[in-house]
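>>> Coordinates only, no sequence provided:
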């Protein structure tokens with residue numbers, strides 16, 4: 001399997017690339033690091049130095065020259081990082097680096113067709129370079145089917161032993177979860193499935209949880225799992241507060257094919273989790 005890391009090399013020490021290499025070492029997966037230079041984001045500027053025989057100091061660089069320079073500089077930076085961090089892993093990790101011209105969305109649409117693709121890692125705090133805005137990030141992960149792991153800067157990799165899974169306790173939703181089993185099977189995890197309800201003691205809530213839980217244990221054979229309701233009036237804030245209090249290793253979010261997605265997993269919830277917590281988010285979109 002492959003872990004694809006969307007490069008944020010320009011963030012320097014805040015890059016999640018080192019996190020990704022350690023995760024791939026733990027999973028024993030191959031790594032693809034992808035850095036795209038989007039020509040739409042570059043403009044001609046005056047060069048203060050000569051970086052080739054075709055560019056002289058003071059001459060305005062063309063977009064093509066800037067793209068070529070960006071490719072060279074980012075390739076060199078990635079090579080330096082991999083040379084240092086790869087040796088520290090003490091493991092023969094296969095790392096492929098792709099630095100090319102183009103938009104990240106187009107590249108992601110091609111990557112999703114790779115049968116070996118297992119997980120896409122992104123920095124949740126954007127560098128506004130490869131991915132220009134939070135809106136672009138949400139558009140990518142919601143429109144291109146793949147499991148995505150969003151990690152905050154300076155996050156140290158630790159195995160995902162404690163996980164929180166927001167769930168509506170609808171049995172047919174369990175069809176989504178096996179799509180990430182290739183990731184979860186590597187961890188001795190405990191999954192806490194939670195829903196936000198107004199009345200914790202309502203019979204229908206308890207019956208739904210018990211029925212869902214019996215089926216979920218068959219779907220997550222490598223994990224222990226329990227289900228509970230969280231009492232609250234506002235779904236997003238109740239869930240975020242619970243995550244902040246519990247401090248899990250991972251929060252899993254799934255895009256639903258039904259309209260329930262609008263209630264549970266709209267982008268405001270993801271944005272709030274990204275802004276108020278440092279917990280990695282595993283988001284899966286099946287469409």
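Okay, I see it. Note that the structure is a prediction, hence the values are computed from the model and not measured. Residues are numbered from 1 along each chain as shown.
>>> Let me know the helix or strand that residue 154 is in.
For residue 154, there is no helix or strand it lies in under DSSP states H and E.
>>> Count the residues that sit near the nearest residue to it once chain neighbours are set aside.
Spatial nearest neighbour of residue 154, excluding adjacent residues (CB to CB, 6 or more residues apart in numbering): residue 14 at 6.2 Å. Where C-beta positions appear, they are placed from N, C-alpha and C, glycine not excepted. Neighbourhood size, residue 14 [other CB atoms under 10 Å]: 14.
>>> Show me which parts of stretch 144-157 are buried, residue by residue.
Within stretch 144-157, the residues that count as buried by 16 or more other CB atoms under 10 Å are 144, 146, 147, 148, 149, 150, 151, 152, 153, 155, 157.
>>> Of all pairs in those, which one spans the longest distance?
144 and 157 (24.4 Å; CB to CB).
>>> wait, residue 138 sits on residue 270?
Yes. With contact defined as CB atoms under 8 Å, residue 138 counts as touching residue 270 (7.1 Å).
>>> more crowded one of these two?
Between residue 138 and residue 270, counting by other CB under 10 Å, residue 270 is the more crowded of the two (22 against 15).
>>> who's in contact with that one?
By CB atoms under 8 Å, 6 or more residues apart in numbering, residue 270 lies in contact with 138, 150, 253, 281, 283.
>>> so for the helix or strand hosting residue 209, what's the average pLDDT?
Residue 209 is part of helix 203-219, with elements assigned from DSSP H and E. The pLDDT scores in helix 203-219 average 82.
>>> May I see the buried residues of it?
In helix 203-219, counting by 16+ other CB under 10 Å, buried: 205, 208, 209, 212, 213, 216.
>>> Distance-wise, check the fifth one relative to residue 86.
Summarising the geometry, the distance separating residue 213 from residue 86, computed by CB to CB, to the nearest Å, is 42 Å.
>>> and residue 253, that's in a helix?
No. Read with DSSP: H, G, I helix; E, B strand; the rest coil, residue 253 is strand and lies in no helix.
>>> tell me the contacts of it?
Residue 253 sits next to 166, 265, 269, 270, 281, 282, 283, 284 when contact means CB under 8 Å, 6+ apart.
>>> Residue 97 against residue 75, yeah?
Yes. Assessed by CB under 8 Å, residue 97 is found in contact with residue 75 at 7.1 Å.
>>> which residues are in contact with both of these two?
Here residue 97 and residue 75 have residue 35 as joint contacts, going by CB under 8 Å, 6+ apart.
>>> And the next helix or strand past the longest helix along the chain?
Taking DSSP state H as the criterion, the chain has its longest helix at helix 63-88. Using DSSP H and E, the helix or strand that follows helix 63-88 in sequence is strand 95-101.
>>> What lies in contact with the helix or strand following that next one?
Once strand 95-101 ends, the next helix or strand along the chain (criterion: DSSP H and E) is helix 104-111. The contact list for helix 104-111, computed with CB under 8 Å, 6+ apart, reads 4, 6, 32, 34, 36, 38, 117, 120, 130-131, 136, 139-140, 144, 146.
>>> List only those of the residues you listed flagged as buried.
Members of the contacts of helix 104-111 classed as buried by 16+ other CB under 10 Å are 4, 6, 32, 34, 36, 38, 117, 120, 130-131, 136, 140, 144, 146.
>>> Sweet, I'm off.
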